[in-house]
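**Student:** output the structure for:
(chains A and B)
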Amino acid sequence: MFKRLKLRIEDMKTISRLIAGADEQARISGEEEPGAEHFLLSALELPDGSAKRVFDRVGINADMFRQAVTTQYEEALQSIGVDMSSVNAEPEPLETERVFHSSKPSGEAVMKKLHKLKKTDKDRPLLGAHVVAVVATMKHGVTARALRSLGVEIASLQQAVDDELVSV
Amino acid sequence: MSDINSIPSPDNPEEALAAVVALRLMAERLERNAVKQAIAQGWSWSQVAEALGVTKQAAHKRHAAYISKNNANRQGDR
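**Tutor:** Residues are numbered from 1 along each chain as shown, chains lettered A, B, ... in the order given. Down below sits the predicted model:
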């Protein structure tokens, strides 16, 4: 009983860190609301280190993923003949004290799926690896495209998550 | 010039949807940078709103928080 309560309190702290980190990642990339890619980057900075270890297992890191996100935007625009570098749309980090209260739909999807996943994994604390597990189920969108461009298959990412969670 | 109906390929909706998302992000950044420059050059929020085709309240709500306080104080909300 006490253990379950303690776990729940820890999870709430982790969720708080995850959301604050995703907001920060969105601000750094000059976006007003965090999407799934920002939640993933935030998970990579969680103190449990499990998301980072999952990335290690598939041979990538946060910087590579961040660059892949940028690259997939550039390539998507190139596919319609738009050169992003020719437009005054360089991302500038947002400097604001405003607290964001919403996420992009992909960010909301991460939180919903995380909640659902955690219901089936009650004995472990919420970990960064859980966030990677959720993101690995998203087959379309910015995160999926960025991971694909890094040569990371969804199946291998899911396997890496399973391997990491078994070791916890 | 390329035929706009053929890019991206209609056979590849994944690519077309990714382009839409990227365009949206680029438009947001372009808008933010342009508003920042306009305010720095002394434009009022009313003028910015008129140029963007939105209300002054909408323009202010969307962008004011991202324009540095120093800049905002210097220019004022005219």
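
**Student:** use CA for all of it now, contacts and neighbours both
**Tutor:** OK.

**Student:** name the residue most distant from the centre of chain B?
**Tutor:** Going by C-alpha atoms, centre = their mean, the residue of chain B most distant from its centre is B:Asp11, 30.5 Å out.

**Student:** the longest helix in chain B is where?
**Tutor:** If you go by DSSP state H, chain B has its longest helix at helix B:13-40.

**Student:** what's that helix packed up against?
**Tutor:** Helices and strands touching helix B:13-40, by 3 or more C-alpha pairs under 8 Å, 6 or more residues apart in numbering or on different chains; DSSP states H and E, are helix A:62-78, helix B:45-52, helix B:69-75.

**Student:** tell me the secondary structure at the residue farthest from the centre of chain B.
**Tutor:** Taking DSSP: H, G, I helix; E, B strand; the rest coil as the rule, one finds B:Asp11 in the coil state.

**Student:** what's the neighbour count on A:Leu5?
**Tutor:** Neighbours of A:Leu5 under the rule other C-alpha atoms under 10 Å in any protein chain shown: 10.

**Student:** A:Phe65 now?
**Tutor:** Neighbourhood size, A:Phe65 [other C-alpha under 10 Å]: 20.

**Student:** now do the one 10 residues further on
**Tutor:** Neighbouring residues of A:Glu75 were enumerated by other C-alpha under 10 Å; the total is 18.

**Student:** could you measure from it over to B:Glu15?
**Tutor:** The spacing between A:Glu75 and B:Glu15, counted by C-alpha to C-alpha, to the nearest Å, is 9 Å.

**Student:** excluding sequence neighbours, find me the nearest residue to A:Glu92.
**Tutor:** A:Gly30 (5.0 Å; C-alpha to C-alpha, 6 or more residues apart in numbering or on different chains).

**Student:** measure the most centrally placed residue in chain B to A:Gln25 for me?
**Tutor:** Nearest residue to the geometric centre of chain B (C-alpha atoms, centre = their mean): B:Glu31, 1.8 Å. Counting by C-alpha to C-alpha, the separation of B:Glu31 from A:Gln25 is 20 Å.
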